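# Structure of the sequence below:
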Amino acid sequence: MSKYRQLRILISGGGTGGHIFPAISIADEMRRLNPDSEILFVGAEGKMEMEKVPAAGYRIVGLPVVGLQRQLNLKNIINDLKAPFKILRSISKAGDIIRDFHPDVAVGVGGYASAPLLWSAQRHGVPTLIQEQNGFAGLTNKILGKKADVICVAYEGMERFFPADRIVMTGNPIRKGIVPATEEMRKAGMEFYGLDPARKHILIVGGSLGSGTLNRSMMKWIDNGCPGGENVEIIWQCGKYYKAQVEAFMANAGEKCGNIHWNDFISRMDLAYAVSDLMISRSGASTVSELCAVGKAALFVPSPNVAEDHQTHNAMALVRKDAAALVKDSDAPEVLMSKALELVSDSAAIARMEENISALALPDAAFRIAEKIYELVDRRNQNG
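Sure, this is the predicted structure:
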């Protein structure tokens, strides 16, 4: 009998791509190991998982749960007054899902959407595993971790947040096709993006919506005439939220800099990674894990607008090992591009960062987590 027998698996969490895409990667791996396993996602009504998960080929049920809002305004006050009632309804609905689906295991990937489902699973005696993507645990996972059977993490030192005897270092699941570049990939990338192989290349990624700080830093540098960029080409992904603004800016910028290739979206991230000598980005957990997997030097600008400042913790885990550099968000418009140009021209520093960041890669994270799911279910069955 195969070790990877059919299971019934609940996966819960979401709210951001940083939670959703690792969840889908775990589901894909469970389905690869046994295509007959039944997988049901549970998310928050109206959030992006309700669209992204079905697009990936999985069923999802939404709960009315909402998160508490920290910024004080009338809309948020009304939201926070309704939140306790929606949480109670969500816990009740989560209990119904568990009774109807009869899961072998429940997996939580973080975000407030996972709380009602994992609480209910633990109360019904269902084995639970949580996956924490960041170097500073989110509030939901910190609470759930007290009773979770297994806690999969991607950073050292997570015993600050979870019981040490239940922590397993697995890394974060990443998208398929994110691998160290071959020479063939690099050549294909140069052709795809129309780049000059004789120049250095910087990749700036602000995420699907974009980063205002990274875009302002680029526009200020261009306004100043792109100092120091004579031997560098830049791929700049500005994000769909900022597309119109950047389009108008670039139209007015004229020929100040002829070495910038910009767009709101990067369709071939594998080729963009392949051609880059240095990447500038935020330091979300998925981005950090992908950079480790491809072995690329990085200059991080952690977002200040995230819970518990977890992006700074993610970045610093690499900076302390000389695997990346960091510029504060508040400093970026003044110093980001000069720092990046100084760094990309230092071949020894780039090579050292590439070696150090590659050593941190855990490219088989989804398989490691899948193995832990099977071990957890087997252990629970053996113990009755």
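
# Show me which residues of stretch 215-233 are buried.
Residues 215, 217, 218, 219, 221, 222, 226, 229, 232, 233 are the ones in stretch 215-233 that count as buried (16 or more other C-beta atoms under 10 Å). Just so you know, the C-beta spots here come from the backbone N, C-alpha and C atoms, and that holds for glycine as well.

# Repeat that for stretch 106-125.
Here stretch 106-125 shows 106-122 as buried, counting by 16+ other C-beta under 10 Å.

# Identify those among those that sit within strands.
106, 107, 108 (DSSP state E).

# what about the strands in the stretch 1-150 of the chain?
8-12, 38-44, 59-63, 105-108, 128-132, 150-153 (DSSP state E, counting those that start in this stretch).

# same for the longest one, what does it pack against?
Packed against strand 38-44 by the contact rule (3 or more C-beta pairs under 8 Å, 6 or more residues apart in numbering; DSSP states H and E) you find strand 8-12, helix 17-33, helix 49-55, strand 59-63, helix 74-101.

# ditto for the third one
When contacts are defined as 3+ C-beta pairs under 8 Å, 6+ apart, strand 59-63 sits against strand 38-44, helix 49-55, helix 74-101.

# Can you add mean neighbour count, distance to residue 266 and mean pLDDT and give the ones you listed back as CSV?
CSV is the format used below for the helices and strands packed on strand 59-63 (neighbours: other C-beta atoms under 10 Å; distance: least, C-beta to C-beta, whole Å; pLDDT from 0 to 100):
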stretch, mean neighbour count, distance to residue 266, mean pLDDT
strand 38-44, 25, 26, 95
helix 49-55, 18, 18, 92
helix 74-101, 15, 33, 78
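
# Out of these, which gets nearest to residue 271?
Comparison of those against residue 271 by C-beta to C-beta identifies helix 49-55 as nearest, at 22.7 Å.

# quick one: the closest one to chain centroid distance?
Between the centre of helix 49-55 and the centre of its chain there are 16 Å (C-alpha atoms, centre = their mean, to the nearest Å).

# can you list contacts of it?
13-15, 17, 19-21, 23-24, 41, 43-44, 59-60, 62, 113 (C-beta atoms under 8 Å, 6 or more residues apart in numbering).

# Return the members of those residues classed as buried.
Looks like those have 13-15, 17, 19-21, 23-24, 41, 43-44, 60, 62, 113 buried, using 16+ other C-beta under 10 Å.

# which one of these sits closest to residue 211?
Nearest to residue 211 among these, counting by C-beta to C-beta, is residue 17 at 13.9 Å.

# Skip the chain neighbours and tell me the closest residue to residue 218.
residue 236 (5.8 Å; C-beta to C-beta, 6 or more residues apart in numbering).

# residue contacts, the one you found?
Residue 236 neighbours (C-beta under 8 Å, 6+ apart): 204, 218, 260, 261, 262, 263.

# How about residue 356?
Contacts of residue 356 by C-beta under 8 Å, 6+ apart are 318, 321, 322, 323.

# Quick check on it: phi, psi?
Per-residue torsions, residue 356: phi -70, psi -40 (degrees, to the nearest 10).

# Disregarding residues adjacent in the polypeptide, which is nearest to it?
Closest to residue 356 by C-beta to C-beta, 6+ apart is residue 323, at 3.8 Å.

# Per-residue pLDDT of that neighbour, please?
pLDDT, residue 323: 97.

# Repeat that for residue 67.
Listed pLDDT for residue 67 reads 63.

# again with the one 5 residues further on
In the predicted model, residue 72 carries a pLDDT score of 63.

# Make 5 the first number, not 1, from now on.
From this message on, residue numbering opens at 5, which makes the last subject residue 76.

# By mean pLDDT, flag the weakest helix or strand of the chain.
helix 78-105 (a mean of 78; mean pLDDT, DSSP states H and E).

# so how far is stretch 248-263 from its chain's centroid?
Centre-to-centre, stretch 248-263 and its host chain are 30 Å apart (C-alpha atoms, centre = their mean).

# Reformat the ones in strands among the buried residues of stretch 110-129 as TSV; add distance to residue 343 and pLDDT.
Converted to TSV, those look like this (distance: C-beta to C-beta, whole Å; pLDDT from 0 to 100):
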residue	distance to residue 343	pLDDT
110	44	98
111	40	97
112	38	95
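
# Which of those lies at the shortest distance from residue 34?
Using C-beta to C-beta, those come closest to residue 34 at residue 111, 9.0 Å.

# For the residue lying closest to the closest one once chain neighbours are set aside, give the beta-bridge partners.
In space, and not counting its chain neighbours, residue 111 is closest to residue 15: 4.7 Å by C-beta to C-beta, 6+ apart. Residue 15 forms beta bridges with residue 45, residue 111, as assigned by DSSP bridges.

# so who does residue 15 touch?
So residue 15 contacts 27, 30, 31, 43, 44, 45, 46, 110, 111, 112, 113 (C-beta under 8 Å, 6+ apart).

# contacting residues around the third one?
For residue 31, the contacting residues are 13, 15, 43, 45, 60, 62, taking C-beta under 8 Å, 6+ apart as the criterion.

# Let me know the closest of the residues you listed to residue 204.
residue 60 (36.2 Å).

# what's around that closest one, how many residues?
16 (other C-beta atoms under 10 Å).

# With residue 92 as the reference, name the closest of the strands of the stretch 5-154 of the chain.
So among the strands of the stretch 5-154 of the chain, strand 63-67 is nearest, using C-beta to C-beta, at 11.1 Å.

# Paired strands for the closest one, with orientation please.
When DSSP bridges is applied, strand 63-67 pairs with strand 42-48 (parallel).

# what's the distance between the residue nearest to residue 323 when sequence neighbours are not counted and residue 305?
Spatial nearest neighbour of residue 323, chain neighbours left out: residue 330 (5.2 Å); criterion: C-beta to C-beta, 6+ apart. Going from residue 330 to residue 305 by C-beta to C-beta, to the nearest Å gives 8 Å.
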